[in-house]
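A.B. asks: this one's sequence-less:
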């Protein structure tokens with residue numbers, strides 16, 4: 001059997017807005033997605049918050065950022081900051 005390695009492109013990537021940057025080297029990113037309700041067919045918003053590692057403390061509240069899945073860095077952090085978009 002051949003062992004497949006996870007490459008950077010196979011990891012999950014999310015885009016969202018920083019809602020908190022008060023912790024040292026950690027940001028909280030809110031990711032909003034639109035989905036269709038299964039019964040009523042109305043478009044609804046769903047929001048989830050991810051704790052992400054920000055090594056250089058470069059992201060501030062209100063910034064639009066891109067995060068990528070990584071190994072567990074702490075109890076709640078499983079994501080890393082890739083880049084600040086705005």
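C.D. replies: Looks like it arrived, so ask away. All of these numbers come straight from a predicted model, not from anything done at the bench.

A.B. asks: Tell me where this structure has strands.
C.D. replies: In the chain, the strands defined using DSSP state E lie at 13-20, 26-36, 43-53, 64-69, 79-84.

A.B. asks: would you turn those into TSV with mean pLDDT?
C.D. replies: Output for the strands of the chain, formatted as TSV (pLDDT from 0 to 100):
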stretch	mean pLDDT
strand 13-20	97
strand 26-36	97
strand 43-53	98
strand 64-69	97
strand 79-84	97
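
A.B. asks: okay, the ones you listed in TSV with mean neighbour count next?
C.D. replies: For every residue, glycine as well, the C-beta is placed using N, CA and C. What follows is the strands of the chain, written out as TSV (neighbours: other Cβ atoms under 10 Å):
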stretch	mean neighbour count
strand 13-20	16
strand 26-36	15
strand 43-53	13
strand 64-69	18
strand 79-84	17
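
A.B. asks: contacting residues around residue 81?
C.D. replies: Residue 81 is in contact with 27, 52-55, 58-59, 65-67, counting by Cβ atoms under 8 Å, 6 or more residues apart in numbering.

A.B. asks: 7 Å instead?
C.D. replies: 27, 52-54, 59, 65, 67 (Cβ atoms under 7 Å, 6 or more residues apart in numbering).

A.B. asks: Columns distance to residue 35 on top of those, output as JSON lines?
C.D. replies: Below are the contacts of residue 81 laid out as JSON lines (distance: Cβ to Cβ, whole Å):
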{"residue": "27", "distance to residue 35": "25"}
{"residue": "52", "distance to residue 35": "23"}
{"residue": "53", "distance to residue 35": "28"}
{"residue": "54", "distance to residue 35": "28"}
{"residue": "59", "distance to residue 35": "27"}
{"residue": "65", "distance to residue 35": "22"}
{"residue": "67", "distance to residue 35": "20"}
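
A.B. asks: Tell me how far residue 12 lies from residue 68.
C.D. replies: As for residue 12, its distance to residue 68 is 7 Å (criterion: Cβ to Cβ, to the nearest Å).
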